[in-house]
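S.K.: sequence first, predicted coordinates after that:
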Amino acid sequence: RKEVEQDPGPFNVPEGATVAFNCTYSNSASQSFFWYRQDCRKEPKLLMSVYSSGNEDGRFTAQLNRASQYISLLIRDSKLSDSATYLCVVPRGGTYKYIFGTGTRLKVLA
Amino acid sequence: DGGITQSPKYLFRKEGQNVTLSCEQNLNHDAMYWYRQDPGQGLRLIYYSQIVNDFQKGDIAEGYSVSREKKESFPLTVTSAQKNPTAFYLCASSTSRTDTQYFGPGTRLTVL
């Protein structure tokens, strides 16, 4: 099993739709998790961090399910500008190493 | 403005040449990282440094070298020993090992 796994997509959704992505991780000792957004040919930028059960920021909600070892990202009322690749990141416990998922690509259609 | 800068943005190199990518941060972060990103793949860790004058190999260190003489700077040298150096190289920094990483804009290296 990969340390961090994501569905590569693409998820093609109409404007205004609600979309959710999951990310599974294998290290049960991981304590913090991150969602980054990466636009084409650009650097990843932090979207949300998840330290406990979840986090909400406007239209974005991240949830953590420790029992099943996955985190989810929910985007409500999708905008065209939400089109990007969403990366799940999990620090490898006890080290300075961060494990990046391959990303889920989202396309919001007009 | 605080942040991370990388230069150059695009770099072309002939086979057999070494090349050094620059990474500078003014965020006062202790930890710095170098990643490589290839199409369809996640970021892979090349080297990281927790503190000045110390650095550790990541998952794909072969063919690369780094130095950390100053807190602000963490240059990466891509040597001729790296078999497939064409990639997007990203530098990042963080305050601690569990904290958010902030990325520079990246350097796109192409070997001709």
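M.R.: Cool, got the structure.
S.K.: distance of residue B:70 from residue A:99?
M.R.: Separation of residue B:70 from residue A:99 (Cβ to Cβ, to the nearest Å) stands at 28 Å. In this view, the C-beta of every residue, glycine as well, is placed from N, C-alpha and C.
S.K.: residue A:40 now?
M.R.: Relative to residue A:99, and taking Cβ to Cβ, residue A:40 is found at 23 Å.
S.K.: which bits of chain A sit near chain B?
M.R.: Applying Cβ under 8 Å from any Cβ of the partner chain, we find that chain A lies next to chain B at A:4, A:8, A:31-32, A:34, A:41-46, A:49, A:87, A:89, A:91, A:95-103.
S.K.: how far away is the most centrally placed residue in chain B from chain A?
M.R.: In chain B, the residue lying closest to the centroid (Cα atoms, centre = their mean) is residue B:34, at 3.0 Å. Taking Cβ to the nearest Cβ, to the nearest Å as the measure, residue B:34 falls 12 Å from chain A.
S.K.: ditto for residue B:12
M.R.: Counting by Cβ to the nearest Cβ, the gap from residue B:12 to chain A is 16 Å.
S.K.: quick one: list the elements packing against the helix or strand that residue falls within.
M.R.: Secondary structure assigned from DSSP states H and E places residue B:12 in strand B:10-13. With contacts taken as 3 or more Cβ pairs under 8 Å, 6 or more residues apart in numbering or on different chains; DSSP states H and E, strand B:10-13 sits against strand B:19-25, strand B:107-111.
S.K.: now tabulate these in a markdown table and tack on mean pLDDT and distance to residue A:18.
M.R.: A markdown table is the format used below for the helices and strands packed on strand B:10-13 (pLDDT from 0 to 100; distance: least, Cβ to Cβ, whole Å):
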| stretch | mean pLDDT | distance to residue A:18 |
| --- | --- | --- |
| strand B:19-25 | 96 | 37 |
| strand B:107-111 | 94 | 35 |
